[in-house]
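1. structure for the following, please:
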Amino acid sequence: MGSLRPLPVVVGTAGHIDHGKSALIEALTGQHPDRWREEKERGITLDLGYAQLAWPDGLEIGFVDVPGHERLVRKMVAGATGMGAALLVVACDDGVMPQTREHFEVLRLLGVDHGVIVLSKADLADAEVRELVRAEVEALVQGTPWEEAPVVAVSSHTGEGLEELRKALRRTALAAGGPEDPLHAFRLPVQRAFALHGAGTVVTGVVASGEIREGEEVEVLPAGRRSRVRRVQVHGRESPVGRAGLRTALNLPGIEPAEAPRGSVVAAPGTLACGRRVRLLVESLPGAPALEHDSRVQLLAGTVALPGRLFLPRRAEPGEGVVAEMELDAPAALVPGERVLLRRPSPGANLAAGRFLEFYERRLRKRDAARREGLLRFAAAFEDPPALAARWLELQGGERSSRDLARALGWRPEAAQGALEEAGLRGEVRATGPERWLGMGRAGDLEREVLAVIAAWRRRHPWRGRIPLLELRRGLGPERARILEGLDEASLAALGLRRRKGPEWELTESAVPEALEALAEGVLGILREAGLRPPEPGEIAAALGEDPEAVGRALELLCDRGRAVRPGGEGRAFALEAVEALRAEVVEQLRNGRLDIPSLRDRFATTRKYLMPLLEYLDERGVTTRSGPNRILRDPEAALV
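-> This is a model prediction of the structure:
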């Protein structure tokens with residue numbers, strides 16, 4: 001075997017109790033992740049466990065095994081912190097169970113979108129039962145990035161599927177390893193702390209950001225204790241450095257294990273704040289019990305699991321983001337933008353998900369509407385560092401230094417300075433002295449704010465020719481968004497926007513890479529040839545030998561340019577020419593009588609599966625409208641895009 005090269009992706013397990021997660025890790029790695037004697041005697045995982053898998057070329061990934069019991073979801077969330085990918089384990093003799101659904105929900109809420117679906121205990125089920133379980137899992141992950149995850153049937157007992165799983169794991173781990181975070185300073189949420197005879201305290205966890213080396217000083221929060229790192233280990237071996245995404249252990253002399261329990265954070269000194277009073281942007285989960293003002297809930301964030309009292313400005317509807325406040329029973333160390341989960345402790349239920357915004361001293365009142373709006377604009381800028389720096393300065397109401405910004409956001413000082421300088425070039429902030437800055441939000445005009453939102457959108461989606469109205473509203477806030485939507489067409493054109501019917505507006509200037517332009521032409525050719533029976537995006541990718549993600553971008557580009565139509569906004573796309581031909585036939589039929597769906601189906605050699613969404617699309621575009629069980633003409637010339 002070549003020298004070991006740990007990949008900065010920790011793979012976690014997820015799934016119902018007794019579905020064989022720990023046995024699967026042992027079969028893959030030869031290491032049983034359960035650490036306690038009670039766990040091994042009872043055959044039930046009660047706490048986080050660890051292992052690693054290496055391939056012959058030296059590539060290595062770390063595993064964290066989580067408990068499956070419903071009462072231990074807080075430990076599952078602690079284990080999910082730092083996961084780059086996951087194994088969603090479903091037993092063939094049991095199928096999708098309550099904790100399967102809850103663990104999958106937690107993965108989605110924490111942004112873990114890479115993984116492999118494992119149908120475990122395959123030796124206990126015949127082919128028919130396996131297919132039934134596969135169908136259950138496919139229904140569970142439908143409409144999420146996990147739709148594209150590989151599905152592997154495995155038996156830890158017989159070894160069936162293990163080699164296929166190792167190959168799928170390698171591909172998934174390599175795909176999950178994203179670019180390094182250039183912004184955030186070193187931060188390690190503590191999963192375990194223990195005393196090692198002759199060495200002192202050791203803390204372990206997955207490095208969330210930055211890197212750490214032997215001899216560097218760190219701060220343990222919320223205890224507020226400092227130490228100098230004596231030793232660094234990665235995957236249980238001595239290492240010169242611990243980096244983001246790696247399972248890391250630090251030897252911290254002078255610190256007691258009780259001063260760094262699970263939920264603590266080890267960070268670069270002066271880069272992280274902590275407190276008991278936290279402001280959050282939260283969204284109630286569909287189907288979950290409603291959030292209640294002045295109620296007791298549990299906050300799960302990183303490895304933190306703390307109860308506290310929740311305060312809401314008003315009742316929150318499912319899917320609606322509101323600025324909430326919470327008084328925790330103990331301090332927590334958090335960075336703005338960190339994902340949080342609100343949970344009802346008993347009976348256990350996930351209530352809401354969101355992001356941490358800031359610590360506070362005084363609760364917001366009705367008269368603080370401007371502050372709430374500013375916080376919403378702050379949250380909308382999490383993916384755009386210069387805009388985030390500007391929004392933070394606006395919230396402060398006065399000038400601040402780049403070091404103030406770095407500490408508040410958990411950034412490296414040089415990254416904070418760079419973000420402020422870029423924000424200055426955009427006209428969003430103004431330098432008032434050496435390393436002193438002032439936000440221009442209140443004094444700036446609408447144009448600067450709109451251009452900043454568009455720039456952030458283009459950075460994340462450079463191939464798009466449209467921007468969702470929701471993105472503009474989130475970035476501008478309710479008041480500014482209302483002004484924007486009231487502008488005339490000439491004023492919008494000056495901002496690089498063109499109004500259109502539907503949930504998205506056009507961007508009048510966009511630069512698309514030549515390779516994507518060429519791919520889009522190839523995709524369009526397939527759509528034109530397919531008529532009203534177009535293939536799925538994955539099938540197009542396979543036919544062209546292209547990456548599915550690139551094909552997805554090409555489809556978005558075609559829809560943005562009005563050369564293809566996607567009823568419902570996702571899934572299969574149809575060439576515009578095919579939809580125009582359908583429109584012509586529908587108009588002709590309705591002018592001469594009633595709509596004849598069987599004849600439409602035969603005329604275009606398609607099926608109701610494809611036809612009905614298109615007829616509904618014609619309704620949405622105003623070509624037709626429903627009248628009881630029938631359709632009537634509304635505007636035969638209505639635009640289709």
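2. show the model's pLDDT score for the closest residue to Ser295 other than its chain neighbours.
-> Excluding its sequence neighbours, the residue lying closest to Ser295 (CB to CB, 6 or more residues apart in numbering) is Leu310, at 5.4 Å. All C-beta atoms are positioned from the backbone trio N, CA, C, and that covers glycine. For Leu310, the pLDDT comes out at 95.
3. do the same with Gly43
-> 45.
4. please give the element, helix or strand, for the residue nearest to Ser295.
-> strand 304-311 (DSSP states H and E).
5. got the contact list for that strand?
-> Residues outside strand 304-311 that contact it (CB atoms under 8 Å, 6 or more residues apart in numbering): 74-75, 77-78, 189, 263, 276, 291-299, 324-330, 332-334, 342, 345, 363.
6. what lines up beside it in the sheet?
-> strand 295-301 (antiparallel), strand 321-334 (antiparallel) (DSSP bridges).
7. verify the contact between Gly275 and Pro331 for me.
-> Yes. Between Gly275 and Pro331 a contact is recorded at 5.7 Å, counting by CB atoms under 8 Å.
8. more neighbours: those two, which one.
-> The residue with more neighbours, out of Gly275 and Pro331, is Pro331; 20 against 16, by other CB atoms under 10 Å.
9. can you give me the neighbour number for the closest residue in space to that one that isn't next to it in sequence?
-> Of all residues not flanking Pro331 in the chain, Pro222 sits nearest, at 3.9 Å (CB to CB, 6+ apart). Pro222: 19 surrounding residues under other CB under 10 Å.
10. could you check the pLDDT of Pro222?
-> In this prediction Pro222 is given a pLDDT of 95.
11. tell me how far it lies from Leu527.
-> 56 Å (CB to CB, to the nearest Å).
12. again, but for Arg412
-> For Arg412 relative to Leu527 (CB to CB), the value is 46 Å.
13. ok, Pro598 next?
-> Where Leu527 is concerned, Pro598 sits at a distance of 24 Å (CB to CB).
14. likewise Glu216?
-> 55 Å.
15. related to what we said a few turns ago, okay, buried residues for the strand holding Leu310 please.
-> Neighbour counts using 16 or more other CB atoms under 10 Å place Val304, Ala305, Leu306, Gly308, Leu310, Phe311 of strand 304-311 among the buried residues.
16. and what of stretch 167-186?
-> By 16+ other CB under 10 Å, the buried positions in stretch 167-186 come out as Ala168, Leu169, Arg170, Thr172, Ala173, Ala176, Gly177, Leu183, His184, Ala185, Phe186.
17. cool, stretch 270-290 as well?
-> The neighbour-count check on stretch 270-290 (16+ other CB under 10 Å) flags 271-275, 277-285, 288 as buried.
18. any idea which of the residues you listed is closest to Glu147?
-> Nearest to Glu147 out of those is Leu285 (CB to CB; 20.0 Å).
19. surely the closest one touches Ala349?
-> No. Counting by CB under 8 Å, Leu285 stays clear of Ala349, with 9.0 Å between them.
20. for Ala639, give its distance to Ala584.
-> In this view, Ala639 and Ala584 are 14 Å apart by CB to CB.
21. one step back: which of the buried residues of strand 304-311 sit farthest apart?
-> Ala305 and Phe311 (19.8 Å).
22. Ala14 versus the residue nearest to Gly200 when sequence neighbours are not counted, what's the distance?
-> The shortest distance from Gly200 to any non-neighbouring residue, by CB to CB, 6+ apart, is to Pro253 (4.6 Å). When distance is defined by CB to CB, Pro253 is 36 Å away from Ala14.
23. got a list of contacts for the helix or strand containing Ala135?
-> Element membership for Ala135 (DSSP H and E) is helix 127-141. Helix 127-141 is contacted by residues 88, 90, 92-93, 95-96, 100-101, 104, 117, 119, 122, 125, 147, 149, 151, 153 when judged by CB under 8 Å, 6+ apart.
24. how much space between the nearest residue to Val335 once chain neighbours are set aside and Val265?
-> Counting by CB to CB, 6+ apart, Val335 lies nearest to Gly410, which is 3.6 Å off, once chain neighbours are set aside. Gly410 sits 10 Å away from Val265, going by CB to CB.
25. residues near the residue nearest to Cys559 when sequence neighbours are not counted, how many?
-> Here the nearest residue to Cys559 in space, its sequence neighbours aside, is Arg566; by CB to CB, 6+ apart that works out to 5.2 Å. Residues lying near Arg566 (other CB under 10 Å) number 17.
26. ok, Arg500 touching Thr508?
-> No. Assessed by CB under 8 Å, Arg500 is found out of contact with Thr508, at 11.4 Å.
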